[in-house]
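*Asks:* the sequence and its predicted three-dimensional model are supplied below.
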Amino acid sequence: MKTFLQSVRYALQGLQAAFGGRNFRIQLGMALLVLAAGSYFSITRLEWCVVLFNIALVLSLEVVNSSLENLVDLVTRERHPLAGKVKDLAAGAVVVASGMAIVMGVIVFWPYVEAVVN
Ligand SMILES: Nc1ncnc2c1ncn2[C@@H]1O[C@H](COP(=O)(O)OP(=O)(O)OP(=O)(O)O)[C@@H](O)[C@H]1O
């Protein structure tokens, strides 16, 4: 019987596979920069929650996006409008989450940046 720990190991293998993707690595790099900025500006606990939630959402959706890309490629290597649509829909979800993460990042960090500039 598969244990919980084995399931966690498979999930970590999935994350390792996601790390092979260029977009995931770029998003992870940006997340690390945002974490560094949060530390530098000593943002509040609530602001940390907003930042961490957005990072988790974007990275998770990128993993799901990669998963769907692999699934589509497994089902067909032929060009098919539906295959393209599935990939585009999944990529669209990442774009929506990333766009909102940027907006929320500006809302959180702008007052700190403004204080330094002024
Ligand atoms: N089998 C297919 N049939 C039709 N269109 C496809 C197919 N595969 C990919 N496409 C189109 O090409 C785009 C790019 O597909 P691809 O598999 O290269 O993903 P990608 O967005 O480049 O992924 P990544 O950069 O994350 O590896 C898709 O979003 C889709 O519009």
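*Replies:* Perfect, I can see it now.

*Asks:* spell out the secondary structure type for the closest residue to the ligand within the chain.
*Replies:* The nearest approach of the chain to the ligand comes at Gly84, 2.7 Å away (C-beta to the nearest ligand atom). Yep, even glycine has a C-beta here, placed from its N, CA and C like the rest. Per DSSP: H, G, I helix; E, B strand; the rest coil, the secondary structure class of Gly84 is helix.

*Asks:* how near is it to Glu78?
*Replies:* As defined by C-beta to C-beta, to the nearest Å, Gly84 lies at a distance of 11 Å from Glu78.

*Asks:* same thing with Val72?
*Replies:* The spacing between Val72 and Glu78, counted by C-beta to C-beta, is 11 Å.

*Asks:* of these two, who's got more company?
*Replies:* Looking at Val72 and Glu78 with other C-beta atoms under 10 Å, you find the greater number of neighbours at Val72, namely 18 against 6.

*Asks:* anything in contact with each of Val72 and Glu78?
*Replies:* Where contact means C-beta atoms under 8 Å, 6 or more residues apart in numbering, no residue is in contact with each of Val72 and Glu78.

*Asks:* low-confidence stretches in the chain?
*Replies:* In the predicted model, the chain carries pLDDT under 70 at residues 1.

*Asks:* which parts of it are helices?
*Replies:* Counting by DSSP state H, the chain forms helices over residues 4-19, 22-41, 45-75, 81-117, given from the N-terminal end onward.

*Asks:* which parts of the shortest one are buried?
*Replies:* This means helix 4-19. Buried residues in helix 4-19, counted by 16 or more other C-beta atoms under 10 Å: Ala18.

*Asks:* mind saving the C-alpha coords of that helix as CSV?
*Replies:* As requested, the backbone C-alpha atoms of helix 4-19 are provided in CSV (Å, rounded to 0.1, in the frame of the first residue of the first chain):
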residue,chain,number,x,y,z
PHE,A,4,1.7,9.1,2.6
LEU,A,5,5.5,9.6,2.5
GLN,A,6,5.7,7.8,-0.8
SER,A,7,3.1,10.2,-2.2
VAL,A,8,5.1,13.2,-0.9
ARG,A,9,8.2,11.7,-2.7
TYR,A,10,6.3,11.5,-6.0
ALA,A,11,5.0,15.1,-5.5
LEU,A,12,8.6,16.3,-4.9
GLN,A,13,9.6,14.4,-8.1
GLY,A,14,7.0,16.5,-9.9
LEU,A,15,8.4,19.7,-8.5
GLN,A,16,11.9,18.6,-9.6
ALA,A,17,10.5,18.1,-13.1
ALA,A,18,8.8,21.5,-13.0
PHE,A,19,12.2,23.0,-12.1
